[in-house]
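Enquirer: Sequence and computational prediction follow.
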Amino acid sequence: MQKKVHIKSFGCQMNAYDAERMADLLAGVGFEATDDGTDADLVILNTCHIREKASEKVYSDLGRLRELKNAMAAQGRPMLIAVGGCVAQAEGQEILRRAKFVDLIFGPQTYHRLPLMLRERARTGRTIIDTEFPAEDKFDALPPAGRVEAASAFLTVQEGCDKFCTFCVVPYTRGAEFSRPTDAVLREARLLVGKGAREITLLGQNVNNYQGPAPDRSAAGGAWRLGRLIRELADIDGLERIRYTTSYPADMDEELISAHRDVPALMPFLHLPVQSGADRILKAMNRRHSADDYRRLVEQLRRARSDLALSSDFIVGFPGESEAEFEATLSLARETGFAQAYSFMYSPRPGTPAADLDDQIADGVRSERLRRLHDQLNADQIRFNESCIGKQLPVLMERPGAKPGQLLGRSPYMQAVHAELPSDMIGEIVTLNIEQANPNSLGGSSAAANRLRTEAVA
Ligand code: SAH
Ligand code: F3S
């Protein structure tokens, strides 16, 4: 009988990509993926360690899974529980201490060994912990992408981070920066397009510092940066849209900025985390940009592509942040005018330098600042969405919408857009008249369908 695996992924898009690859890998050893967490032979929690709240979720989920595992055992059905991702990487032994019933613990750099771990588990009956940073290339060991679930696919091109922002765990959980070779990336992109992807989002913790070894290593430098890679990807027949995330402001180079001007498939939307608008705080965070560097960069990008919509990440209440410094963040956000943005309350993470700073900000102050920034960013987002009313936008239809007869897609600016369309339009790019703006989505109707309707009436 075919076994079933349920993978629950938390956190960033790279985790979502990793989860898909785990499913591909496990399909090769007889596991079928299921969305039903209560009917699986193997449950994998693909965890996130970025903020305290994210990592604590794992332990509450494990509590529920323990009961399920016991109930299934009583029916004679063994169930395996695995913890993967960044919490597993950071807290392997601690997970085992708090949840002895966990069968497998593995990090983001070892999931390609899952079939091996399962065999080891069956052989020894003991919990397997595999959280090394292996020397072999995980990507070489993974099977080719098995299925493309939507017209939009993720493709990891770069992993890890050498930036060591003083608040962040990623350099410890994901390891050093590594770029996949250009030929492997192009091959995977062609495969994804062959399986129905119209849009590819290139992923990396520092994706704009991509330096992939090129096939012709005699060429100057021997490596392509992201701008060059995007130009090559744009030549793939059937690939209509390219995006990339996440970028580090100081790594934004001329080649990539000019790709925004020259490559029509490169979508006019960029997630460019700034974190703070105050130079003293940016320095204490070990960010390698000032507030003005960021402003200049945005100007340059908008000169290259005038309709570029921007998104960002902000942290409020970093240790020592004064009211005036917080207000500098509000100002930078207001001036830039983000189409959307994420704001977070600073969360001290064990092992990071900022967690040991003396001047931690009181909870109440942090949450009050978060509310103020959040309200302002929200208002900007609504304003941006409203500015789209009356426009015609090409929307890549991805899935059924919430209401019957509706489909949901994405605008070039990453907005969710719903419209009444037949379900065979999933996977198509449809020009929609934008008629409605909500805080988190747009509503539109098909320009072509409207024309047909008017002609019929006439
Ligand atoms: N370049 C990375 C960013 C990772 S973390 C990537 O996309 O893979 C995503 C965001 O979480 C950061 O930009 C930051 O704003 C926020 N973040 C990271 N560490 C945090 C902490 N300790 N407290 C609060 N927010 C944090
Ligand atoms: Fe984290 Fe800074 Fe790297 S936010 S992922 S250490 S760029």
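Expert: Looks like it came in fine. Ligands and ions are numbered 1, 2, ... in the order given.
Enquirer: From now on I want contacts and neighbour counts done on CA atoms only, so please keep to that.
Expert: Noted.
Enquirer: Go ahead and report the secondary structure state at residue 417.
Expert: On the three-state scheme (DSSP: H, G, I helix; E, B strand; the rest coil), residue 417 is labelled strand.
Enquirer: ranges for the helices of this structure?
Expert: 13-27, 52-74, 85-98, 114-124, 138-141, 170-173, 182-194, 226-233, 254-262, 279-284, 291-304, 323-336, 363-386, 447-457 (DSSP state H).
Enquirer: now for the third one, which elements pack on it?
Expert: Packing partners of helix 85-98 (3 or more C-alpha pairs under 8 Å, 6 or more residues apart in numbering; DSSP states H and E): strand 42-47, strand 104-106, helix 170-173.
Enquirer: Identify whichever of the ones you listed lies nearest to ligand 2.
Expert: helix 170-173 (4.9 Å; C-alpha to the nearest ligand atom).
Enquirer: elements contacting the closest one?
Expert: On a contact count with 3+ C-alpha pairs under 8 Å, 6+ apart, helix 170-173 meets helix 85-98.
Enquirer: one step back: would you reformat the helices of the chain as CSV and include mean pLDDT and mean neighbour count?
Expert: Putting the helices of the chain into CSV (pLDDT from 0 to 100; neighbours: other C-alpha atoms under 10 Å) gives the following:
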stretch, mean pLDDT, mean neighbour count
helix 13-27, 95, 20
helix 52-74, 94, 15
helix 85-98, 95, 20
helix 114-124, 96, 14
helix 138-141, 88, 13
helix 170-173, 95, 20
helix 182-194, 95, 18
helix 226-233, 98, 20
helix 254-262, 98, 17
helix 279-284, 98, 18
helix 291-304, 98, 16
helix 323-336, 98, 17
helix 363-386, 98, 18
helix 447-457, 63, 11
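Enquirer: possible to save those helices as JSON lines with distance to residue 270?
Expert: Listed next are the helices of the chain as JSON lines, based on distance: least, C-alpha to C-alpha, whole Å:
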{"stretch": "helix 13-27", "distance to residue 270": "15"}
{"stretch": "helix 52-74", "distance to residue 270": "25"}
{"stretch": "helix 85-98", "distance to residue 270": "25"}
{"stretch": "helix 114-124", "distance to residue 270": "34"}
{"stretch": "helix 138-141", "distance to residue 270": "26"}
{"stretch": "helix 170-173", "distance to residue 270": "21"}
{"stretch": "helix 182-194", "distance to residue 270": "20"}
{"stretch": "helix 226-233", "distance to residue 270": "14"}
{"stretch": "helix 254-262", "distance to residue 270": "10"}
{"stretch": "helix 279-284", "distance to residue 270": "20"}
{"stretch": "helix 291-304", "distance to residue 270": "10"}
{"stretch": "helix 323-336", "distance to residue 270": "13"}
{"stretch": "helix 363-386", "distance to residue 270": "14"}
{"stretch": "helix 447-457", "distance to residue 270": "27"}
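Enquirer: With distance to ligand 2 as added columns, please give those in CSV.
Expert: Listed next are the helices of the chain as CSV, based on distance: least, C-alpha to the nearest ligand atom, whole Å:
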stretch, distance to ligand 2
helix 13-27, 12
helix 52-74, 15
helix 85-98, 12
helix 114-124, 25
helix 138-141, 20
helix 170-173, 5
helix 182-194, 21
helix 226-233, 16
helix 254-262, 18
helix 279-284, 11
helix 291-304, 14
helix 323-336, 17
helix 363-386, 18
helix 447-457, 41
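Enquirer: between these, which gets nearest to residue 268?
Expert: For the helices of the chain, proximity to residue 268 was assessed by C-alpha to C-alpha; helix 254-262 is nearest, at 7.3 Å.
Enquirer: For that closest one, which outside residues touch it?
Expert: Here helix 254-262 makes contact (C-alpha atoms under 8 Å, 6 or more residues apart in numbering) with 208, 225-228, 230-231, 266-268, 300-301, 304-305.
Enquirer: residues contacting the closest residue to residue 186 other than its chain neighbours?
Expert: Computed as C-alpha to C-alpha, 6 or more residues apart in numbering, the closest residue to residue 186 that is not its neighbour in sequence is residue 233, at 6.8 Å. Going by C-alpha under 8 Å, 6+ apart, residue 233 touches 186, 189, 239.
Enquirer: Nearest to ligand 1 among these?
Expert: The nearest member of these to ligand 1, counting by C-alpha to the nearest ligand atom, is residue 189 at 20.4 Å.
Enquirer: I'd say the closest one and residue 155 touch.
Expert: Yes - at 7.3 Å, residue 189 counts as touching residue 155 under the criterion of C-alpha atoms under 8 Å.
Enquirer: could you dump the contacts of helix 254-262 to TSV with distance to residue 11?
Expert: What follows is these, written out as TSV (distance: C-alpha to C-alpha, whole Å):
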residue	distance to residue 11
208	20
225	27
226	24
227	27
228	29
230	26
231	29
266	25
267	23
268	24
300	31
301	28
304	32
305	30
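Enquirer: For the closest residue to residue 289 other than its chain neighbours, give its distance to residue 201.
Expert: Closest residue to residue 289 apart from its sequence neighbours, by C-alpha to C-alpha, 6+ apart: residue 250 at 6.0 Å. Per C-alpha to C-alpha, to the nearest Å, residue 250 is found 21 Å from residue 201.
Enquirer: Tell me how this protein divides into domains.
Expert: Split into domains by automatic domain parsing, the chain comes to 3-130, 144-267, 272-387, 392-457.
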